[in-house]
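starting from these lines, generate the structure:
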Amino acid sequence: MDYSEIRVGIDVGGTHTKAVALDNRTHKILGSSLVMTTHDHELGVAAGIIQAFEACLHSQNIDPKKVVFIAHSTTQATNALLEGDVSNVGIIGISKGGLEGFLAKKQTRLDDIDLGSGRKIHIYNTFIKLQDFTSESIKRAIEELTQQGAQVLVASKAFGVDNLTEEQMVYDVSLAHKTPVTLASDISKLYGLTRRTRTAAINASILPKMIDTATRTDFSVKKAGISTPLMIMRGDGGVMSVNEMMRRPVLTMLSGPAASVVGALMYLRASNGIYFEVGGTSTNIGVIKNGRPTVDYTVVGGHSTYINSLDVRVLGVAGGSMIRANGSGIIDVGPRSAHIAGLEYSCYTPIVEIEEPELEFFSPKTGDPDDYVAIKLTNGKRVTITTSCAANVLGYAKPGDYSYGIPESARKAIAPLADYLNRSIEDTALTILNKGFLKIEPVINTLIEKYKLEKDQLTLVGCGGGAAALIPYCAENMHLDYSIPENAEVISSIGVALAMVRDVVERTMPNPTPREISAIKKEASDLAIANGAVPDSVEVQIEIDTQTSKVTAIALGSTAVQTTDLLFDCSEEEARAFAAKSFGTTPDQTDLLVSSKFYYVFGHKTPDGNNSIRLVDKKGFIKVQRRDGIVVSTISAEVHDQLRTIWKSMVTFHSDMMLRPDIYMCIRGKVLAFESILDFEQLLILIDTELNLMDSDEEVVLIGARNTL
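As a prediction, this is how the structure comes out:
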């Protein structure tokens, strides 16, 4: 095929490694491939990555020289921690003497880190006072720790985020010692010495394995004739360079679910929603709010860290989950899946093979319960019943869905289980799906409450090959809309291929000044550029948590080769239709409030008197979706005055509690969200970091949204 520029995305799942090749101009899928993830290969998962992208290119006769972007997600960091495949860590604590030194020595002295699976990261500790801090004392500390069994080091200094000098010295000395090292203040810029040290220790524990994999993968990509730098998916939805991954591999945790979200956001116009990534064994569930996935700190083995990743809940129920049953009925669905047991799904088995099916109970793995269901056939083959089989019987999985198989095969296989339970086939299938739903519903409700989502505006967004096995039934029972995007089975690989460079800087700033805000924005921008983002493409979002005095700068930028957006401009009529659907009304009941070069803002008066707002960009994506708001089109010079008016009119009081509004500012194609800001003057400081870069007569769209209890 003759395509000038190709983007390649590779998603490494627990079972399969999937690659897609996209046309860089249109983002059309040119080819895809699927191989088994190579956990047991001598090269580890790198072997599967290499096999997948080579098969993808060869299947369409794509010239490797035309690949202008290649990236992959990885489960390796997550799996290494889950399975305890980690290195022993030596910690060098650093501080002044006196009381500060006493406290710092205690805070950097960690116990072994329990990974929650019976495995641990083994920790060895030592401490150096600043008055004794020399190259020789560092060498002695390294020798002491390595003799005890440390394979990798952490340097952690009290208030190191303010001055990296000593931690950097440890790094320089360790290079000569050929011992990998993580700098605690390089992992996080937040105060909190124990938590920062623990996060660095977790990062260090997977450093040798991840460096080895990254080196092998990068070498193989270059050997295949691809000259563009290999990028790695982060757990917060962006990509980073191989060199950055070698420094902070822990940032790749949950990069698989992150890839699915990025892919779903590119293919669905979702503003507020719950997304599902449904595989064969597990389902990842998280939140999209105001067009962005929610991010939180990762908890490893019950320990809080400073690792930013998608706030994802992982459930042991998915498209391939097998059934457990006994004489009293269906006990459970999952957590074991068909591929773990080495059995085919009955719904994908040719109907001619489903002859005289007999019910059997078995234990998939040693130590598992022996009440999992299998179906023995006359040809000696054994298949199993899964949630996908039940969804096929009941018509939830439809032709065109990846989960769709042979409904009649599933019916014949479920029949002996139904007879055993003295129920109909349909009732048995319904019970199977309901067992899965009962695990999922509480998770959805918890996320709705945590992120204060408006349930009447939610959509369930399905990703992964097993999406149709669970999403339609869950949506029906929760009275929610749902969407399963085209190519759902490879949506994670598409997400990797379309991901942007991302970097995050967090600092503790009790009362940030304009100069400090500008400095942290520049720091985040510089990091994104160093990771491969084109300088002119980088945008930085500032978030302030007034309760913890934490300021976060999130930088996003495109690589040099990302030439176009996925969708072409939509007309006002098309945008109005999107808004009307979101409002749950008709286009003729949807009012255009503001139209700019980049956005349409629509309103709808609800029966309870609220002014519901939808901001739709020119690609048709709903960027702001609020139940009660105000929109104003103004110019840069008048923003302060307009903001004061909006702020005063949208503040509400409940007893002695003041609820401040959320503010959205739309400038030059960007939508900046200022949510949960408690102080108006602080809001102005943040706003001014953007306005100072604009001409006084440039157009600005402001939206204020009222908050309620």
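
roughly how far is stretch 423-442 from the heart of the chain?
Distance of stretch 423-442 from its chain centroid, counting by Cα atoms, centre = their mean, to the nearest Å, is 28 Å.

surely residue 18 is in contact with residue 491?
No. The pair residue 18 / residue 491 is not scored as a contact, 9.7 Å apart, by Cβ atoms under 8 Å. Quick note: C-beta positions are derived from backbone N, CA and C, even for glycine.

quick check: which element contains residue 544?
If you go by DSSP states H and E, residue 544 is part of strand 539-545.

more crowded one of residue 18 and residue 491?
Between residue 18 and residue 491, counted using other Cβ atoms under 10 Å, the more crowded position is residue 491 (31 against 27).

now do the helix or strand hosting the more buried one, average pLDDT.
If you go by DSSP H and E, residue 491 is part of helix 491-498. For helix 491-498, mean pLDDT is 86.

in the stretch 451-600 of the chain, where is pLDDT below threshold?
Within the stretch 451-600 of the chain, the set of residues satisfying pLDDT under 70 comprises 560-568.

can you map out the strands along it?
459-463, 481-483, 501-508, 539-545, 550-557, 591-595, 599-605 (DSSP state E, counting those that start in this stretch).

stretch 456-469 spans what distance, first to last residue?
Terminal residues of stretch 456-469 are spaced 23 Å apart (Cα to Cα, to the nearest Å).

pull out the buried positions in that stretch.
Using 16 or more other Cβ atoms under 10 Å as the test for burial, stretch 456-469 gives 457-469.

what's the neighbour count on the nearest residue to residue 670 once chain neighbours are set aside?
Closest residue to residue 670 apart from its sequence neighbours, by Cβ to Cβ, 6 or more residues apart in numbering: residue 539 at 5.7 Å. Per other Cβ under 10 Å, the neighbour tally for residue 539 reads 19.

doesn't residue 556 make contact with residue 539?
Yes. Residue 539 is within contact range of residue 556, at 5.6 Å (criterion: Cβ under 8 Å).

spell out which residues are contacts of both of those two.
Listed as contacting both residue 539 and residue 556 by Cβ atoms under 8 Å, 6 or more residues apart in numbering is no residue at all.

returning to what we had before: and the strands of the stretch 451-600 of the chain, which is most packed in?
strand 459-463 (a mean of 27; mean count of other Cβ atoms under 10 Å).

and for that strand, what's in contact with it?
260-261, 263-264, 268, 270, 272-278, 288, 468, 470-471, 474-475, 478, 480-485, 488, 491-492.

now find how far off-centre it is within its chain.
Its chain's C-alpha centre and that of strand 459-463 lie 14 Å apart, by Cα atoms, centre = their mean.

what angle do helix 491-498 and that strand make with each other?
Orientation of strand 459-463 against helix 491-498 (axes from the mean of the first three to the mean of the last three Cα atoms, to 10 degrees) gives an angle of 90 degrees.

strand 459-463 pairs with which strands, parallel or anti?
Paired neighbours of strand 459-463 in the sheet (DSSP bridges): strand 273-278 (parallel), strand 481-483 (parallel).

any idea which residue sits dead centre in this structure?
The centre of the chain sits closest to residue 258, judged by Cα atoms, centre = their mean, with a distance of 2.6 Å.

that one is in what secondary structure piece?
Assigned by DSSP H and E, residue 258 belongs to helix 255-267.

just checking, what packs against that helix?
Secondary structure elements in contact with helix 255-267, counted by 3 or more Cβ pairs under 8 Å, 6 or more residues apart in numbering; DSSP states H and E, are strand 6-12, strand 230-233, strand 273-278, strand 283-289, strand 292-293, strand 303-310, strand 459-463, helix 491-498.

alright, that wraps it up for me.
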